[in-house]
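In: quick check, what structure comes out for this input:
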Amino acid sequence: MSTVSGPTSWRIALPHTAAAVPMARALIRTAWAELTATADSATAELLTAELVANAVEHTHVTHPISLVVQLLPTGWQVEVHDGGPMLPGQPPPHAGRPVAPWCENGRGLLLVRALSSDCGQRPTAEGKAMWFTLRTGQ
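Out: Predicted structure coming up:
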């Protein structure tokens, strides 16, 4: 078994614009490449893009957004921090409710729940962190 040399976590501040999404996807690609991650990078990019897009769309422009990627013993955890309030209740909105096919929004958090090993939210000093994990080999 090889040991990890170099960072086991990455953090980047993101702009409160649509440019945050491709920046976040690039960080995911970099993190996965540096550690030759065995979790699916395409899934990680998709889920990260969903959480970052939600942060940009649903928080005030003065609230900072950041992305944290951590290597865990069992896989990866990705967190998107923003200054917005906690979502009411768990799991996130739309749980168990169908989304009308003509609606443009409402599927992102469903994707996060369906494709990740685990996901959720937690309070932070600045607002909240939405997170998901992908197990190694997922």
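In: what strand or helix carries residue 16?
Out: Per DSSP states H and E, residue 16 falls between elements, in no helix or strand.
In: strands of this structure, residue ranges please.
Out: Taking DSSP state E as the test, the strands found in the chain are 9-14, 65-72, 75-82, 118-123, 128-135.
In: just name the most buried of those.
Out: Mean neighbour count (mean count of other Cβ atoms under 10 Å) peaks for strand 75-82 among these, with a mean of 24. C-beta: built from backbone N, CA, C; applies to glycine.
In: what angle do it and strand 118-123 make?
Out: Comparing the axes of strand 75-82 and strand 118-123 via axes from the mean of the first three to the mean of the last three Cα atoms, to 10 degrees yields an angle of 40 degrees.
In: tell me what strand 75-82 is packed against?
Out: helix 20-34, helix 41-58, strand 65-72, strand 128-135 (3 or more Cβ pairs under 8 Å, 6 or more residues apart in numbering; DSSP states H and E).
In: show me where pLDDT drops low in this protein?
Out: Applying pLDDT under 70 to the chain flags residues 1-7, 36-39, 88-107, 137-138.
In: mind listing what residue 55 touches?
Out: By Cβ atoms under 8 Å, 6 or more residues apart in numbering, the contact set of residue 55 is 14, 20, 65, 80, 82, 84, 130.
In: again, 10 Å this time
Out: 14, 16, 20-21, 24, 63-67, 80-84, 127-130 (Cβ atoms under 10 Å, 6 or more residues apart in numbering).
In: same check on residue 86?
Out: Contacts of residue 86 (Cβ under 10 Å, 6+ apart): 121-124, 127-130.
In: and the furthest pair within those?
Out: Pairwise distances across the contacts of residue 86 (Cβ to Cβ) peak at 11.3 Å, for the pair 123 and 130.
In: okay, which residue is most central for this protein?
Out: Central residue of the chain (Cα atoms, centre = their mean): residue 48, 3.7 Å from the mean position.
In: of the strands of the chain, which is nearest residue 43?
Out: Per Cβ to Cβ, nearest to residue 43 of the strands of the chain: strand 128-135, 6.4 Å.
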